[in-house]
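Undergrad: Predicted model follows, preceded by the sequence.
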Amino acid sequence: MQRLPTGIPGLDHLLNGGYPAGRVSLIRGASGSGKSLCALMLASAQPGGAIYGTFDEAPERLQGYLSNWRTESDVHFLDFRAEDDLVNESFSGVELGGLLVRIEHALALHDTRVVILDAFDSVATTFGNTETIRRSMTAVFNWARNNDVTLLVTGGVDADYRSATGLMDYLADCVIEIGQAIEGNLMTRTLRVIKLRGAGHGTNVYPFLIDEHGIWLLPITDTALTAPALRERQSTGIPELDEALGGTGVWSGSTVLISGTSGTGKTIIAAHMAETFCKAGKKTLFLSFEESPQQLLRDVASVGISLSSAMEEGRLFLEARRAVERGVEEHLIWLFHETHRRGVDTVIIDPISALSDVASARSFKNLVLRVAHQLKSEGLTLVLLELIGDDGSGQSSLNMSSLIDTWIRLERVRRDNHFHRTLHVHKSRGSSTSSEVMDFEITARGLTLTSTTARQA
Amino acid sequence: MTEKLILKIYIAGMTPAALRALRNLREICESFRDDGNFDISVIDILQHPQLAEDEKILATPTVVRSLPPPIRKLVGDLTDREQAILGLDLVAVDE
């Protein structure tokens, strides 16, 4: 079976390569679920162009959406909307004689074989006579099959309505349903491939995101393809820490957790790492759930860390988001989308624990797992900061040590009537690590780590 | 003397519904213009697809009253005579 690209990142993967060429596909979903956007993205991705028949939205409006994502596209609109001035007689003898005539005319005119009929089922509302509509739809399906035309139809979800309009699943070779799920007060858009005749496909409900760049779906890439482990070390920029990690820093492509209670210096260390990574020519995405970019830049500048030049050079991307703004899934999709768009090597999340506020314990753990797996499979370095509660237990709530390659723990200990910041490497895979607890100072000149043995000597 | 009634009927081939619509339309015209002062152009969109595109014809048969104003457009085979007369706004031009 020949496939065509859907133009929706992630969906082609779900369909094992794209949607079927020369067949009939159906996207169904309730109003507002994003059917038209899906259809538009698909239309604009067709290598040989597409005819887009709209029964609901004005072509000018659709063209407007389209120009947000694509500067040029080979999409030709056919306006199948009912005219306002059309007088509906009793509809006896009405046929959709203009439908195929206009489609065929447009196909010949624009030399393409892809046809999209968006919100076709709304003609039933206009012309009332569902039997006529059903016959016309079946005729269009058959015409497409017999003429090697690739047809995509969008329509509603209601089963009665579908059978009345002929948009029935069994008529189509590929059926995709899109919907919305609400958890808490946050809405997540979902997509499911219900059927793909003659081929395997992903069967789960997958979340997707609509933003100014279009539609994004998880997984974006094939998670089965794991990037080869990069045997390369990246300096953290703190010589003593590099040393404690067994030589010259953290492994590229590894997952690093820095945990500590509030005020232990997690952000400072992460910013220092970001600065160093960028100086070494890496691209880094720093996602802050706590501070605005300006605030963060000011705070780290006060201890001698300058991130602005890396930002100006397009190597550091500082993004601040509020954890409660979106559901877990949307944060996740956005993150993956952003890493792809920016082409970064390293992702720093400050702190990942902020997302535990918007998710149940299980979905939070699931989220961290998915972030770590996805980024690792793409060979990206991930630095997660974890804020540990001040309840004194000092326990990591992540409780997923198996996932973490390197775990750096920060603490504050009381000694000689002073609180001292300390740092130790709790674990680090593939390295001979020092288990020493080091004193860690933040001064206007930067960070210093002092071996406690040295102090005692 | 009445103003000439100019009508267009868009059909997709000579289907039974198209034939019914034509017959009904001619009968209605003859009764409202017994002097024969009317003109019906039959446009088969199978032969002229660009005209269907220009007029955004989806349903067939579609009858358009071009002149005299008001311009009216209606779909169906015009079996319901009363509805068709109303739809074509022919009461107003009756003598």
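TA: Received the coordinates, thanks. Numbering: from 1, shown residues only, chains lettered A, B, ... in the order given.

Undergrad: now the helices: where do they sit in chain B?
TA: Taking DSSP state H as the test, the helices found in chain B are B:16-32, B:49-54, B:81-87.

Undergrad: wait, I meant the stretch 251-400 of chain A
TA: Applying DSSP state H, counting those that start in this stretch to the stretch 251-400 of chain A gives helices spanning A:266-279, A:293-301, A:308-312, A:328-342, A:361-377.

Undergrad: which one of those lies closest to A:Ser73?
TA: Between A:Ser73 and the helices of the stretch 251-400 of chain A, the tightest spacing by Cβ to Cβ is seen for helix A:328-342, at 19.4 Å. Any C-beta I mention is one placed from the backbone N, CA and C, and that applies to glycine too.

Undergrad: For the closest one, list every residue counted as buried.
TA: A:328-339, A:342 (16 or more other Cβ atoms under 10 Å in any protein chain shown).

Undergrad: which residues touch that helix?
TA: A:9, A:186, A:188, A:207-209, A:211, A:213, A:216-218, A:220, A:283, A:285, A:287, A:317, A:319, A:321, A:323, A:326, A:347, A:349, A:355, A:358-359, A:363-364, A:367, A:370-371, A:374-375, A:378, A:380 (Cβ atoms under 8 Å, 6 or more residues apart in numbering or on different chains).

Undergrad: Just the pLDDT for A:Glu275.
TA: Looking at A:Glu275, its pLDDT reads 94.

Undergrad: hmm, back to that, which of the contacts of helix A:328-342 count as buried?
TA: Buried among the contacts of helix A:328-342 (16+ other Cβ under 10 Å): A:9, A:186, A:188, A:207-209, A:216-218, A:220, A:283, A:285, A:287, A:317, A:323, A:326, A:347, A:349, A:355, A:358-359, A:363-364, A:367, A:370-371, A:374-375, A:378, A:380.

Undergrad: quick one: which of the residues you listed sit in strands?
TA: Members of the buried ones among the contacts of helix A:328-342 lying in strands (criterion: DSSP state E): A:Leu186, A:Thr188, A:Pro207, A:Phe208, A:Leu209, A:Trp216, A:Leu217, A:Leu285, A:Leu287, A:Phe317, A:Val347, A:Ile349.

Undergrad: Beyond the helix or strand containing A:Ser163, next helix or strand please.
TA: In this assignment (DSSP states H and E), A:Ser163 forms part of helix A:159-165. Downstream of helix A:159-165, the next assigned helix or strand under DSSP H and E is strand A:174-183.

Undergrad: for the chain, which spans come out with low pLDDT?
TA: Went with chain A since none was named. Chain A contains residues with pLDDT under 70 at A:85, A:87-91, A:128-130, A:159-162, A:164-167, A:183-186, A:218-230, A:391-400, A:452-457.

Undergrad: other chain: chain B
TA: B:1, B:91-95.

Undergrad: Can you tell me the centre-most residue of it?
TA: B:Val63 (3.5 Å; Cα atoms, centre = their mean).

Undergrad: Look up how far chain A lies from that residue.
TA: Distance, B:Val63 to chain A, using Cβ to the nearest Cβ, to the nearest Å: 9 Å.

Undergrad: quick one: that residue and B:Ile9 touch, right?
TA: Yes - look at B:Val63 against B:Ile9 with Cβ atoms under 8 Å: they come within range, at 5.1 Å.

Undergrad: who touches both of those two?
TA: With Cβ under 8 Å, 6+ apart as the test, B:Val63 and B:Ile9 both reach B:Ala21, B:Leu25.

Undergrad: Am I right that A:Ser25 is in contact with A:Thr154?
TA: No - with contact defined as Cβ under 8 Å, A:Ser25 does not reach A:Thr154; the gap is 9.6 Å.

Undergrad: These two: which has the busier surroundings?
TA: Higher neighbour count among A:Ser25 and A:Thr154: A:Thr154, with 28 against 25, using other Cβ atoms under 10 Å in any protein chain shown.

Undergrad: for that one, which residues make a bridge with it?
TA: Legend: beta-bridge partners of A:Thr154 under DSSP bridges are A:Ile27.

Undergrad: Do I have it right that it meets A:Leu26?
TA: Yes - counting by Cβ under 8 Å, A:Thr154 does reach A:Leu26; the two are 7.5 Å apart.

Undergrad: Get me the contact residues on chain B for chain A.
TA: Counting by Cβ under 8 Å from any Cβ of the partner chain, the positions of chain B adjacent to chain A are B:10-13, B:15-17, B:20-21, B:45-46, B:49-50, B:52-53, B:56-62, B:71-80, B:83-84, B:87.

Undergrad: Mark which of those are buried, thanks.
TA: For the residues of chain B next to chain A, a burial check counting by 16+ other Cβ under 10 Å picks out B:10-12, B:15, B:17, B:20-21, B:45-46, B:49, B:52-53, B:56-62, B:72-80, B:83-84, B:87.

Undergrad: center of chain A - which residue?
TA: Closest-to-mean residue, chain A, Cα atoms, centre = their mean: A:Ile333 / 2.2 Å.

Undergrad: ok, that residue to chain B distance?
TA: Using Cβ to the nearest Cβ, we find A:Ile333 at a distance of 38 Å from chain B.

Undergrad: Now that residue: closest residue in space, sequence neighbours ignored.
TA: Once flanking residues are discounted, A:Ile333 sits nearest to A:Leu209: 4.2 Å by Cβ to Cβ, 6 or more residues apart in numbering or on different chains.

Undergrad: which pair in the buried residues of helix A:328-342 spans the largest distance?
TA: A:Val328 and A:Arg342 (21.4 Å).

Undergrad: Between the helices of chain B, which one is closest to A:Gly179.
TA: Per Cβ to Cβ, nearest to A:Gly179 of the helices of chain B: helix B:49-54, 35.0 Å.

Undergrad: so what's B:Pro16 closest to, chain neighbours aside?
TA: In space, B:Pro16 is closest to A:Gly93, 7.9 Å off (Cβ to Cβ, 6+ apart).

Undergrad: you'd agree the one you found is up against B:Val63?
TA: No - contact criterion Cβ under 8 Å: A:Gly93 and B:Val63 do not qualify, at 11.5 Å.

Undergrad: Please identify every residue contacting each of those two.
TA: B:Ala21.

Undergrad: quick one on the thing from earlier: is it correct that the residue nearest to B:Pro16 falls within a helix?
TA: No - with DSSP: H, G, I helix; E, B strand; the rest coil as the criterion, A:Gly93 is located in coil rather than a helix.

Undergrad: Now for it, how many residues are close by?
TA: 24.

Undergrad: Tell me who's in contact with it.
TA: A:Gly93 touches B:Pro16, B:Ala17, B:Arg20, B:Ala21, B:Pro61, B:Gly76, B:Asp77, B:Thr79, counting by Cβ under 8 Å, 6+ apart.

Undergrad: Could you report the distance from it to A:Ser431?
TA: In this view, A:Gly93 and A:Ser431 are 81 Å apart by Cβ to Cβ, to the nearest Å.

Undergrad: helix/strand/coil for A:Leu152?
TA: Reduced to three states by three-state DSSP, A:Leu152 is strand.

Undergrad: For chain B, see how far away it is.
TA: As judged by Cβ to the nearest Cβ, A:Leu152 and chain B stand 19 Å apart.

Undergrad: What of A:Leu14?
TA: 34 Å.

Undergrad: ok, now A:Gly260?
TA: From A:Gly260 across to chain B, the span is 66 Å (Cβ to the nearest Cβ).

Undergrad: now A:Gly7
TA: Following Cβ to the nearest Cβ, the distance that separates A:Gly7 from chain B is 26 Å.

Undergrad: Repeat that for A:Val324.
TA: In terms of Cβ to the nearest Cβ, A:Val324 sits 47 Å off from chain B.

Undergrad: could you list every residue that touches that residue?
TA: A:Asp357, A:Val358.

Undergrad: Over to A:Ile404?
TA: A:Thr255, A:Val256, A:Leu257, A:Leu384, A:Leu398, A:Lys427.

Undergrad: Good, wrapping up.
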